[in-house]
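Engineer: Sequence and computational prediction follow.
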Amino acid sequence: MPLPESAWYAVQTKPRQEQIAEDNLQRQEYITYLPRLRTSKRRHGHWTAVTEPLFPRYLFIRLDPAEHSIAPVRSTVGVARLVKFGAELKSVPAQVIDFLKENEDPVTCEIVDNSPRFKKGARLEILDGPFQGLNGVFQLDSAEDRALVLISLLGRVSEVAIHHDALRAY
């Protein structure tokens with residue numbers, strides 16, 4: 001089956017070298033796309049906003065393998081290999097790339113993760129504050145970076161609002 005003229009292909013990068021691979025491919029005048037996800041992660045006891053690749057170790061490149069050799073791509077610093085199925089280079093449907101781009105923030109070009117930090121029913125440990133050392137069950141996110149947590153206190157189950165920084169899933 002002939003390959004489409006110019007299409008998107010997946011490139012596997014070396015660990016944590018997605019940006020290096022993208023920069024080097026762009027220097028060679030390839031069209032690339034590295035979807036990024038803006039999310040929250042717990043670092044040093046606090047939740048911080050981080051941007052990371054949506055697909056760790058992967059980015060996309062637009063090329064026509066019938067017109068251009070893929071050897072320069074394979075030998076680019078940061079690139080591990082082009083993704084193939086068997087010996088065949090398989091394209092990524094353009095609709096997938098279009099969908100990812102449509103869901104990006106127009107200013108930052110990042111996909112924003114608005115999912116809650118904890119799933120309903122997750123068992124949590126309270127790390128700080130008057131309930132430090134107690135365990136609870138996550139109910140839902142509340143206003144001002146707080147979560148509603150069920151805790152058992154004095155023989156009764158109570159719902160309390162606790163700052164996300166004071167919680168850790170276990």
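Structural biologist: That came through fine. Keep in mind the model is a prediction, meaning the values are calculated, not measured.
Engineer: for Arg146, what are its contacts?
Structural biologist: Arg146 makes contact with Ala161, Ile162, His163, His164, according to C-beta atoms under 8 Å, 6 or more residues apart in numbering. All C-beta atoms are positioned from the backbone trio N, CA, C, and that covers glycine.
Engineer: since we're on the last one, how many residues are nearby?
Structural biologist: Right, the one you point to is His164. The tally of other residues near His164 (other C-beta atoms under 10 Å) stands at 19.
Engineer: That one contacts Trp47, doesn't it?
Structural biologist: Yes: with contact defined as C-beta atoms under 8 Å, His164 counts as touching Trp47 (5.2 Å).
Engineer: domains for the chain, by residue range?
Structural biologist: Taking automatic domain parsing as the domain assignment, the ranges for the chain are 7-112, 123-169.
Engineer: What pLDDT does the model give Leu3?
Structural biologist: Looking at Leu3, its pLDDT reads 47.
Engineer: ok, now Asn114?
Structural biologist: At Asn114, the pLDDT value in this model is 79.
Engineer: Distance check, the residue lying closest to Ala7 once chain neighbours are set aside against Leu153.
Structural biologist: Distances taken as C-beta to C-beta, 6 or more residues apart in numbering place Ser91 nearest to Ala7, at 3.8 Å, with adjacent residues excluded. Ser91 sits 58 Å away from Leu153, going by C-beta to C-beta, to the nearest Å.
Engineer: neighbour-wise, which of the two wins?
Structural biologist: Ser91 (17 against 11).
Engineer: ok, and the closest non-adjacent residue to the residue nearest the centre of the chain?
Structural biologist: Centre of the chain computed as the mean C-alpha position; nearest residue by C-alpha atoms, centre = their mean is Leu54, 3.4 Å away. Nearest residue to Leu54 in three dimensions, chain neighbours excluded: Pro35, at 4.0 Å (C-beta to C-beta, 6+ apart).
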